[in-house]
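J.: have a look at this prediction, sequence included:
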Amino acid sequence: MGDAAGLVAVVLVAILVGAILPVLYQAMQTLKSVRSFVDSTGPRINEAMKEVTTAAARLNVIASTIEEEGRRLKPVVDSAANIGRTIASLGESVRSAGSVLGALTPAFVAGVRAFFTRNDDEGDAPEDAGAGASGEAEDGRRAPLGPGPEGSVRRGL
């Protein structure tokens, strides 16, 4: 039985070695190709990392410059915002004044019309020779009156 067990052990080892050798060979070939890939791309990856590092450094410089300029321009922007608020307030005041003028204008116009159309001949004007007591001429038209009282529009202020 010792011979049979030894023979089975040798056959099993042979099968195991026969199955393991191709797998080990394939693993060695894969490792060789990985190594050649890493050897060829390693310098390119290092160079790319250096470029990324320089780009990041430049971006940091640009960001700090923008931040500094933003701090410097903050008073200007605040002043512009204040001017905008002032202009908006002025616009609101103009709208309010417009509504007040809209309310007062008809009264003012009525006063001006009344001033210019008032009857200036009440008691001060001499009667014209061609006009009767009512101030009308013979043909029914109103006779021209004199220059009017002092300070009136007819006298010329």
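T.: That came through, no problem. Numbers count the residues shown, from 1 in each chain.
J.: which strands and helices sit next to the host helix or strand of residue 60?
T.: Using DSSP states H and E, residue 60 sits within helix 2-116. Packed against helix 2-116, as judged by 3 or more Cβ pairs under 8 Å, 6 or more residues apart in numbering; DSSP states H and E, are no other helices or strands. All C-beta spots, glycine's among them, are computed from the backbone N, C-alpha and C.
J.: list the contacts for residue 63?
T.: With contact set as Cβ atoms under 8 Å, 6 or more residues apart in numbering, residue 63 has no partners.
J.: tell me how far it lies from residue 91.
T.: Residue 63 is 39 Å from residue 91, where distance means Cβ to Cβ, to the nearest Å.
J.: kindly report the same for residue 30.
T.: Counting by Cβ to Cβ, the gap from residue 30 to residue 91 is 78 Å.
J.: what distance do you get for the residue nearest to the spatial centre of the chain to residue 74?
T.: Nearest to the mean C-alpha position of the chain, counting by Cα atoms, centre = their mean, stands residue 81 at 11.6 Å. Residue 81 sits at a distance of 10 Å from residue 74 (criterion: Cβ to Cβ).
J.: again, but for residue 22
T.: 73 Å.
J.: cool, residue 88 as well?
T.: In terms of Cβ to Cβ, residue 88 sits 21 Å off from residue 74.
J.: again, but for residue 56
T.: In this view, residue 56 and residue 74 are 27 Å apart by Cβ to Cβ.
J.: again with residue 6
T.: Counting by Cβ to Cβ - residue 6 and residue 74 are separated by 92 Å.
J.: again with residue 84
T.: Counting by Cβ to Cβ, the gap from residue 84 to residue 74 is 15 Å.
J.: equivalent analysis for residue 108, please.
T.: Counting by Cβ to Cβ, the gap from residue 108 to residue 74 is 49 Å.
J.: do the same with residue 55
T.: On the measure of Cβ to Cβ, residue 55 and residue 74 end up 29 Å apart.
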